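Student: Sequence first, predicted model second:
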Amino acid sequence: MRSRRSDDRAERLLGTVACLTFVGIVLMVVFVTQRAAPTFSHEGLSWLGAGGDVDAQIGAMANGAASIHVRVWPLIYGSLLTSGLAVLLALAISLLTAIFIVDLAPRRLRGLMLPVIRLLASVPSVIYGLIGILVLVPFVGNDLITAGQKESVINVIQLTGAGLLVSVAILTVMVTPIITALTIEALAAVPRSWHEGAVALGLNPVRATIAVSLRAIRPAIVAATALAAARALGEAIAVDMVSGGKAFSPNLADGVIFVYEPLRTMASTIIDQGENLSVPAVRSTVYALALLLMFSGLVLSVASRLIRRSLRKYELSS
Amino acid sequence: MRRRRHLTAATLAVIAALAAVPAAYAASTISMSGATASFPLLELLAGRYSSLRHGSVHFKISQGGASVGIADAAAGRVSIGNSSRAPQTGDPSGLYFYPIAKYFVCIVTNSSNKLANLTGAQAQQIFTGKIRNWSQVPGATATGPIDVYSRTSVAGVLTTFQNTLLASGKVGSFATQEASEGLMQNAVKKDASGIGFLSDYFALAKGVNAVGYAGTACDVANVVSGAYPGVSDFYEVTKGPASGQNQAFIHWIQSSAAARKIIQSNWIPLGKIQPVVKSA
Amino acid sequence: MVAGESTQPPQLSARRRRAGRRSAVRSWRLRDQVVWLLAWLAGTMLCLVAGSIVVFLAIKGIAYLRPSLLVRSPSPSANQSGSGGFLDPLIGTLTMAAIGTVVATPLAVATALWIVEYGRPRRLAGLVETAVEIVAATPDIVLAIFGLALFQFGIFAPLSFRASSGGVYGRSFLAAGLMMSLIALPLTYAATRNALRAAPSQLREASYALGKTRVATIRRVLLPKVRSDIATGATLGLGRIIGSTAIVVLLLGASLQNSPQGGVPLLGFLRGTGSTLTSYIFENSPSGEGNAPQKAYAAAFVLILIVLILNAAVARIARVGSGAAATAGRLSL
């Protein structure tokens, strides 16, 4: 087929439009890095460490303190804690749900499950946050936390019900549909004969699914988990509403009270400081946090690619 | 081919016209940011002023806290900053603070907690964390541990509260920090063992109980008579002396009867036009 | 074996089949029995959670939603518990959806067409694909911040407004709408690209054999074929736009009423600030100052209805088109 001038023109036009996305992203990364640079140049990497009350430090900067001084480890810890727990719980629930849908559900229920999952995935995060703060937080604060528990930590922190427990609960519900949907899709690509062969050899259907099908789609599960983790790390609004509004590092040594303690994540800090962004010191710190979040998303994506490559011998389709 | 060129030319002409028209319609905009305590007042004043000027002046008011407003005004990011505190050391220099109204700060508890009065010493002990349980506060009907709420450090109301009602002490870091007056009001409203402090517009609303200080009830009469100590001014902050539209607006607030009526609805008008305060 | 006879094992009656399965569970090892129980729990819990969310929102929504709320603007003060509805946020949501889709769809379709039909130089095509993947994986809040950095740059002052002392505000319907198009882009792109790849090559070859140029082939043959997949992708993007809160909170200026900037009718509105249903819910929750949880519930009910309708629309359109778009839809949750 000979190419005509209109083809060349169309190719150039489409190519330019296609590259717009690429150029836009590069521009944004450049701008944000430029705005975030003061924090990095001022403190090197020590601003990621621990030391002092992050809320007070950000407050001092917003108040016009000339120099940038902040230690954001409590925020990083908060993000890692909530996202990590949520992803672990979601992984367990998703795999069990996948087994349920594929093996155990009666036919009518099976047809119901996919719309249910899609529904859970498309509920806006602000509605999750609303239900969290109007229903779950008062429930935890009034019915689950006892006065004795409040007293025991009163010198360190106030327990109001908003904290780790509600944050993880909401994040788990938000993230489960992602892993479940991708797992079911990958399971559909496993040849049915593998499962039937395992059952013929004497395994019960559930064990056959676990030992054969789930094992075969391990790369897909890894990819789904990475996607879910990136989503959990980046969730700002819902977490901001239920996490307690204090940059505190929940302490495992407190026993059960550990799950009631408030915290703050990197993403919710960005939302919280939205009004203060005009102050340069706060702005560069917030933009630096945004860079961190983007960077962690990239790291997750690369890591999942590496893990999938090492599992390649089990991969069914690219 | 020719048709396509004509089409392109026509599109470009339309876009150019659309870009030029806004210049012809220029209405001026006054942008403001800053204190959350004076935000309700400024909204009312701005609305009135805008309608009096038949829409030739628009306002864009955001919040963020008094210190944010001061910083924004100093850096030229907004035309006028709203402040609920006087200038202090550490503020940028060259700013002009125009006082426009008086307000006062009340200690508040949840409406179920019928605490009528706190002495100065009691207030200090509660907010610095020396007293942690309602059983140690005579007159309180709440029980259990005290949930203390405070404001983030950019708040002018926090400065006023600490200077006038805490004898320049500082609220302890254990307190939950709320980012605005509205959020503080929310927090105290839904926490039966909560205690905090609010500017008068928010404190005298339903759902919170305004606590007296050192035997004086927290209300307008006591402030006007001078009996209640927790008083400060709202300021409008500009970089350098106010000029043009900004100056017209501030002058209108300070001198017109319409503005005075608005201020009187929930706050306290200044006796006469007070002199401007300059930052160091 | 007689010709035509089925080689399937004899069909047991349904009751016999069910009885067989149940007795089978009792004979499993304990480990597998535990998994059986947990799997049932997980599945039913998920259904219960979804059902209770919808039922709860419906109860609260019907209790608090009045038609007047839909047609009245929010009251101008920060305290929303008095009169006033959410007309402005509703208009805001629709505007966001319109701008986002109008900008994202041509961009996504053009990108997909270029990648699938041309795609040279290879390196560049790889970069563009990676860029779209990165956008797909980036959380909303990061995109919002990036957008803020971009639109507060001097060049983009016409998109919002410039304060009297030089700073660009950077927040407006246009700014937020452009960022919304970015989050809808990967969904539409993936749907279109999958559909184009799934189109059989004979289709293109037949067109070339008839002497058509590549451009004409795209315009007259391929695009009509993947129309419903583009629609599916666009609707998925629409769903994501309508549910996004972080971008609105940071990039729309958070004024309860839509306040236009400048006097020009449409352009002033787009350059001005405003709110959407999502930011309205956020402001009226205890995390914001609106102080009106009832209105938040009402708005949440309206929002979830819109989302449900969009979901049904996606299912409907996807059924009409090829399966490629539906796959893309599931993948991009």
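Tutor: That came through fine. Only a predicted model underlies this, so the values are computations on that prediction, with no experimental measurement involved.

Student: quick check, distance from stretch B:71-90 to the centre of its chain.
Tutor: 12 Å (CA atoms, centre = their mean, to the nearest Å).

Student: From one end of that stretch to the other, what's the distance?
Tutor: Terminal residues of stretch B:71-90 are spaced 11 Å apart (CA to CA, to the nearest Å).

Student: again, but for stretch A:239-246
Tutor: End to end - CA to CA - stretch A:239-246 spans 12 Å.

Student: close to chain C, is that stretch?
Tutor: Yes - using CB under 8 Å from any CB of the partner chain, we find that stretch A:239-246 touches chain C at A:240-241. C-beta here means a position set from N, CA and C on the backbone, and glycine is covered the same way.

Student: pLDDT averaged over that stretch - what is it?
Tutor: Mean pLDDT, stretch A:239-246: 86.

Student: Other residues contacting that stretch?
Tutor: Residues from elsewhere that reach stretch A:239-246, judged by CB atoms under 8 Å, 6 or more residues apart in numbering or on different chains: A:55, A:78, A:82, A:126, A:129-130, A:132-133, A:136-137, A:157, A:160, A:162-164, A:166-167, A:170-171, A:261-265, A:267-268, A:271-272, B:176-178, C:282, C:285-287.

Student: Which residue, other than its chain neighbours, is closest to the closest residue to chain C within the stretch 151-300 of chain A?
Tutor: Nearest residue of the stretch 151-300 of chain A to chain C (CB to the nearest CB) works out as residue A:234 at 2.0 Å. Closest residue to residue A:234 apart from its sequence neighbours, by CB to CB, 6 or more residues apart in numbering or on different chains: residue C:139 at 2.0 Å.

Student: Around residue B:266, how many other residues sit close by?
Tutor: 17 (other CB atoms under 10 Å in any protein chain shown).

Student: My read is that it contacts residue B:200, right?
Tutor: Yes - taking CB atoms under 8 Å as the definition, residue B:266 is a contact partner of residue B:200 at 7.0 Å.

Student: who's in contact with residue C:257?
Tutor: C:73-74, C:76, C:88, C:274-275.

Student: could you flag which of the residues you listed are buried?
Tutor: C:73-74, C:88, C:274-275 (16 or more other CB atoms under 10 Å in any protein chain shown).

Student: taking those one by one, which sit in helices?
Tutor: Taking DSSP state H as the definition of helices, the buried ones among the contacts of residue C:257 contribute residue C:88.

Student: Nearest to residue A:218 among the buried ones among the contacts of residue C:257?
Tutor: Taking CB to CB as the measure, residue A:218 sits nearest to residue C:275 out of the buried ones among the contacts of residue C:257, at 44.9 Å.

Student: Setting aside sequence neighbours, what's the nearest residue to that closest one?
Tutor: residue C:89 (4.7 Å).

Student: Show me the shaky parts of the chain.
Tutor: Went with chain A since none was named. Residues of chain A that meet the criterion pLDDT under 70 lie in A:1-3, A:64-66, A:313-318.

Student: that answer is for a different chain, and I need it for chain C
Tutor: Along chain C, segments meeting pLDDT under 70 span C:1-23, C:76-79, C:161-167, C:262-264, C:320-333.

Student: residue ranges of the helices in the stretch 101-250 of chain B, please?
Tutor: Taking DSSP state H, counting those that start in this stretch as the test, the helices found in the stretch 101-250 of chain B are B:120-128, B:156-164, B:181-190, B:200-203, B:220-225, B:244-255.

Student: If you could redo that for the stretch 201-318 of chain A, that was the one I meant.
Tutor: Using DSSP H, counting those that start in this stretch, helices in the stretch 201-318 of chain A cover A:205-208, A:215-216, A:218-234, A:237-242, A:266-272, A:280-310.

Student: Find the centremost residue of the chain, please.
Tutor: Using chain A. Chain A has residue A:232 as the residue nearest its centroid, 1.3 Å off, counting by CA atoms, centre = their mean.

Student: should've been chain B
Tutor: The centroid of chain B falls nearest to residue B:37 when counting by CA atoms, centre = their mean (2.4 Å).

Student: which residues does that one contact?
Tutor: Contacts of residue B:37 by CB under 8 Å, 6+ apart are B:66, B:84, B:103, B:155-157, B:181, B:199, B:201-202, B:234.

Student: what's the answer for residue A:70, then?
Tutor: Residue A:70 touches A:39, A:43, A:47, A:54, A:57-58, A:61, A:285, counting by CB under 8 Å, 6+ apart.

Student: Reformat the residues you listed as JSON lines; add neighbour count.
Tutor: What follows is the contacts of residue A:70, written out as JSON lines (neighbours: other CB atoms under 10 Å in any protein chain shown):
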{"residue": "A:39", "neighbour count": "25"}
{"residue": "A:43", "neighbour count": "18"}
{"residue": "A:47", "neighbour count": "20"}
{"residue": "A:54", "neighbour count": "23"}
{"residue": "A:57", "neighbour count": "22"}
{"residue": "A:58", "neighbour count": "27"}
{"residue": "A:61", "neighbour count": "26"}
{"residue": "A:285", "neighbour count": "30"}
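
Student: out of these, who's nearest chain C?
Tutor: Out of those, the member with the shortest distance to chain C (by CB to the nearest CB) is residue A:285, at 11.7 Å.

Student: residue contacts, the closest one?
Tutor: Residue A:285 neighbours (CB under 8 Å, 6+ apart): A:39, A:47, A:58, A:61, A:68, A:70, A:72.

Student: Could you do residue C:199 as well?
Tutor: Neighbouring residues of residue C:199 by CB under 8 Å, 6+ apart: C:222, C:225-226.

Student: Look up the closest residue to residue C:83, ignoring the ones flanking it.
Tutor: The nearest residue in space to residue C:83 (CB to CB, 6+ apart) is residue C:75, at 5.9 Å.

Student: What number of residues are in the vicinity of the one you found?
Tutor: 17.

Student: Return the residues in contact with it.
Tutor: Residue C:75 is in contact with C:82-84, C:256, counting by CB under 8 Å, 6+ apart.

Student: Most neighbours out of those residues, which is it?
Tutor: The residue in the contacts of residue C:75 with the most neighbours, by other CB under 10 Å, is residue C:256 (24 neighbours).

Student: can you tell me the helix or strand for that one?
Tutor: For residue C:256, there is no host helix or strand (DSSP states H and E).

Student: do you know how far it is from chain A?
Tutor: With distances taken as CB to the nearest CB, to the nearest Å, residue C:256 is found 15 Å from chain A.

Student: hang on, that residue packs against residue C:87?
Tutor: No - in this structure, residue C:256 is not within contact of residue C:87 by CB under 8 Å, at 11.0 Å.

Student: shared neighbours of the two, anything?
Tutor: By CB under 8 Å, 6+ apart, the residues touching both residue C:256 and residue C:87 are residue C:74.
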